[in-house]
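Peer 1: Here is a sequence with its predicted model. Questions after.
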Amino acid sequence: MKKISNFMHIGMALTIALALPPIASMAAGTEQEPNTLLANTGNDPEDGRTSVSVSKPTVATKATNASDRTTLQASTETSQNPPGVLSVSVPAPIREPLGQRKGPMSKIGDDLEAHGITLGLILANSYFANPTTGISAGKAVDYFALFMSADVNLTKLLGIPNTHFHITEAWEPPSHNTRAYAFQAGSAFTPFPVQTTSSDLVKFTLSHDLFEKRLHIEYGRMNLADDFMLSTMCTGCLPSTPAITLNVPGFAKSVWGTRIAYQLSHHTRLGFGLIEDNTALFTNSSGWDWSSRTRTGVISVANIVYATDFSDTPYPLNAEAGIYHSTSPYTDDFHNVDGSSQALNPNQAALTHGSGTSGLYGQARKVVWIATGSYGPVRPNMALYGGAFITPGVGQSYPIEAYGGTEFGGFLKNNPAALIGSTVRYIRLSKGRALYEQQLSTINGWGSSRVHQDTFAFDVHAQYGLAPGLLINGSVQYFLHPNRTHTLAAVGPSRSGFMVGVNVFIDIGRLSGLAKR
């Protein structure tokens, strides 16, 4: 009977997590440990930024509430948060006790947790417009997604020691211009996804925490973007290298892979991840196709992460360094096998390099100023951040990506999520890539103006917590000499100019009571 009861609770959990329309409609009428989309109520311990963090996430960040975190456990993940956003968890002005549920579904949440099941539900909506930049200026796109997650503690539920089951599904109904926008405004800075499915399997894994949770092992359907080349150094610090050079799937996609993390010390973690390189799978499937017949190689990343917060030091430092390698052959940036140009001689076979792609990267965020006499997990502070991704090799199209900037946060006492900042990004095209794009534009009648190797993006951004569980941020970017990522010099020149974006995140799990505050 106990096993039957346990499986009934699993069924209830997955039904609630994956049968989104009724849940979404119910949550819309209300106020609104591992691998779940439920957001933590605490502030980002790093430097006062808000985190889209979770207990031990699938849409979680490595940051947890400063008062709760005693160590950066190896099992901690950045997971499936919207890129560059640390958390939708905006604390109320008067702090409520942690670990409570409040909402119409709090009883269900408590009952499920008693059986080892934790649910999460986060809604994300992103709008972008390119009034003056891109190949086709004056276009816009809107991406909508509802992330539903369930984490099942199999130790508590079935007695399987040190084991968790994680599942996250994204519902992405057709919105506005999600198929074409990548070809209208996309560049190396903005590799927008081409939406081909209305839902995606984000994660389907088993994990084990061993040696007092110092060692974490996870395997199944996953994505390296969760825990490597982290996008949380600032609001909007989403590197392009994983997509345009390594072919890592978008953050809502998954392929077969595994991940190992080991906690070296209170603040330092080692990680190693490996996934298949399977473009055909993640671009044409909703993720429930288990085949690997279209795999072209494997992608691996190793990193070391260092994290502190205001509970450790007045001037926290967060840093990541790593190396990456893909065994898949890559196409030369310019030449065919006979030495001719790919643009001028498209009927000849393109030259490929069988040695694979290798590179290294590093990024960091450091608080350099705090208000005199301030205290608590969120203080008025200014942070500097930056990073670089280096991909050497003959015929690589994008050998260098770098960024740097500053953010000012914690300046509103009752709104720890509020911040403003500015970032400069740089991507260098190889000489061959620039010439290829120029020639392709010329033969298609779009002019023979020079394609610049040095491309820049200048950004001003802001973030504000509208209410606990409700976060909005926006940005204005100016692109200088953007290129044509999708070899679309064939459809027009890419112009320098402005792009604006607005993102809204709602932690429905927290507001409905499914997730703890």
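Peer 2: Received, thanks. Numbering: from 1, shown residues only.
Peer 1: Now do the strands in the stretch 201-350 of the chain.
Peer 2: Applying DSSP state E, counting those that start in this stretch to the stretch 201-350 of the chain gives strands spanning 215-222, 255-263, 268-277, 297-307, 317-326, 330-336, 350-353.
Peer 1: could you dump these to a markdown table with mean neighbour count, mean pLDDT and distance to Gly138?
Peer 2: Using the backbone N, CA and C atoms, a C-beta is placed for each residue, glycine as well. Below are those laid out as a markdown table (neighbours: other Cβ atoms under 10 Å; pLDDT from 0 to 100; distance: least, Cβ to Cβ, whole Å):
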| stretch | mean neighbour count | mean pLDDT | distance to Gly138 |
| --- | --- | --- | --- |
| strand 215-222 | 22 | 97 | 38 |
| strand 255-263 | 20 | 97 | 36 |
| strand 268-277 | 20 | 97 | 36 |
| strand 297-307 | 20 | 97 | 36 |
| strand 317-326 | 20 | 98 | 37 |
| strand 330-336 | 20 | 94 | 31 |
| strand 350-353 | 15 | 96 | 34 |
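Peer 1: Is it possible to get these out as TSV so that each row also shows distance to Cys237?
Peer 2: As requested, these are exported to TSV (distance: least, Cβ to Cβ, whole Å):
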stretch	distance to Cys237
strand 215-222	22
strand 255-263	21
strand 268-277	18
strand 297-307	15
strand 317-326	11
strand 330-336	25
strand 350-353	30
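Peer 1: wait, which of those strands is closest to Leu344?
Peer 2: strand 330-336 (9.3 Å; Cβ to Cβ).
Peer 1: Report the angle between the closest one and strand 297-307.
Peer 2: Counting by axes from the mean of the first three to the mean of the last three Cα atoms, to 10 degrees, strand 330-336 lies at 120 degrees to strand 297-307.
Peer 1: then strand 330-336 to PDB, C-alphas only?
Peer 2: The C-alpha trace of strand 330-336 is given here as PDB (Å, rounded to 0.1, in the frame of the first residue of the first chain):
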ATOM      1  CA  TYR A 330      33.900  22.100 -38.100                       C
ATOM      2  CA  THR A 331      33.600  23.900 -41.500                       C
ATOM      3  CA  ASP A 332      36.400  26.200 -42.500                       C
ATOM      4  CA  ASP A 333      35.500  29.900 -42.300                       C
ATOM      5  CA  PHE A 334      36.300  30.600 -46.000                       C
ATOM      6  CA  HIS A 335      37.900  27.800 -48.100                       C
ATOM      7  CA  ASN A 336      36.700  24.800 -50.100                       C
END
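Peer 1: follow-up on the earlier one: quick one, which of the strands of the stretch 201-350 of the chain is nearest to Ala383?
Peer 2: Taking these one by one with Cβ to Cβ, strand 317-326 is closest: 9.1 Å.
Peer 1: just checking, what packs against that closest one?
Peer 2: Of the remaining helices and strands, those touching strand 317-326 by 3 or more Cβ pairs under 8 Å, 6 or more residues apart in numbering; DSSP states H and E are strand 297-307, strand 357-370.
Peer 1: Reformat those as a markdown table; add distance to His481.
Peer 2: Converted to a markdown table, these look like this (distance: least, Cβ to Cβ, whole Å):
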| stretch | distance to His481 |
| --- | --- |
| strand 297-307 | 29 |
| strand 357-370 | 23 |
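Peer 1: Which one of these lies nearest to Ser512?
Peer 2: Using Cβ to Cβ, the helices and strands packed on strand 317-326 put strand 297-307 closest to Ser512, at 30.3 Å.
Peer 1: List just the one of the strands of the stretch 201-350 of the chain that sits closest to Phe389.
Peer 2: Closest approach to Phe389 among those (Cβ to Cβ): strand 317-326, 8.7 Å.
Peer 1: Distance from the closest one to the middle of the chain?
Peer 2: From the chain centre to the centre of strand 317-326 is a distance of 15 Å (Cα atoms, centre = their mean, to the nearest Å).
Peer 1: From one end of stretch 248-259 to the other, what's the distance?
Peer 2: 15 Å (Cα to Cα, to the nearest Å).
Peer 1: List the contacts of it.
Peer 2: With Cβ atoms under 8 Å, 6 or more residues apart in numbering as the test, stretch 248-259 has contacts from 80, 82-83, 145, 147, 170, 172, 193, 200-204, 216-227, 229, 242-243, 271-276, 278, 281-282, 287, 292, 299.
Peer 1: Point out where the stretch 301-450 of the chain drops to low pLDDT.
Peer 2: Scanning the stretch 301-450 of the chain with the threshold set as pLDDT under 70 gives 376.
Peer 1: do that again at 90, thanks
Peer 2: The stretch 301-450 of the chain contains residues with pLDDT under 90 at 310-312, 372-379, 413-416, 437-438, 440-450.
Peer 1: okay, now Asn347: neighbour count?
Peer 2: Asn347 sits with 6 neighbouring residues when counted by other Cβ atoms under 10 Å.
Peer 1: Isn't Leu360 up against Ile390?
Peer 2: Yes - using Cβ atoms under 8 Å, Leu360 is in contact with Ile390, at 5.6 Å.
Peer 1: dump the residue contacts of Ala383.
Peer 2: Contacts for Ala383 (Cβ under 8 Å, 6+ apart) come out as 47, 234, 365-368, 406-407, 409.
Peer 1: Which phi and psi values does Lys432 adopt?
Peer 2: Heads up, residue 432 is Gly, not Lys. Dihedral angles of Gly432 (phi, psi; degrees, to the nearest 10) stand at phi -70, psi -40.
Peer 1: for it, what are its contacts?
Peer 2: Gly432 makes contact with 332-335, 395, 397 under the criterion Cβ under 8 Å, 6+ apart.
Peer 1: Present these as TSV; the columns should include distance to Gln263.
Peer 2: Shown next, in TSV, are those (distance: Cβ to Cβ, whole Å):
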residue	distance to Gln263
Asp332	42
Asp333	40
Phe334	45
His335	46
Gly395	39
Ser397	37
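Peer 1: which of those residues lies closest to Gly513?
Peer 2: Using Cβ to Cβ, the contacts of Gly432 come closest to Gly513 at Ser397, 48.9 Å.
Peer 1: looking at it, the closest one is touching Ser430, isn't it?
Peer 2: Yes - contact criterion Cβ under 8 Å: Ser397 and Ser430 qualify, at 5.6 Å.
Peer 1: Give the residues shared as contacts by these two.
Peer 2: With Cβ under 8 Å, 6+ apart as the test, Ser397 and Ser430 both reach Asp333.
Peer 1: picking up where we left off before, out of the strands of the stretch 201-350 of the chain, which is closest to Arg179?
Peer 2: strand 255-263 (21.6 Å).
Peer 1: By neighbours, which of the contacts of Ala383 wins?
Peer 2: Asp47 (30 neighbours).
Peer 1: Do a quick rundown of the helices in the stretch 351-500 of the chain.
Peer 2: 431-443 (DSSP state H, counting those that start in this stretch).
Peer 1: before we move on, back to that, how about the contacts of Ala383 in JSON lines, adding distance to Ile260?
Peer 2: Putting those into JSON lines (distance: Cβ to Cβ, whole Å) gives the following:
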{"residue": "Asp47", "distance to Ile260": "28"}
{"residue": "Cys234", "distance to Ile260": "27"}
{"residue": "Arg365", "distance to Ile260": "25"}
{"residue": "Lys366", "distance to Ile260": "28"}
{"residue": "Val367", "distance to Ile260": "30"}
{"residue": "Val368", "distance to Ile260": "34"}
{"residue": "Thr406", "distance to Ile260": "34"}
{"residue": "Glu407", "distance to Ile260": "32"}
{"residue": "Gly409", "distance to Ile260": "33"}
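Peer 1: which outside residues touch stretch 273-286?
Peer 2: Residues contacting stretch 273-286 (Cβ under 8 Å, 6+ apart): 194, 196-201, 222-224, 227-228, 247-250, 253-260, 289, 291-292, 294-302, 326-328.
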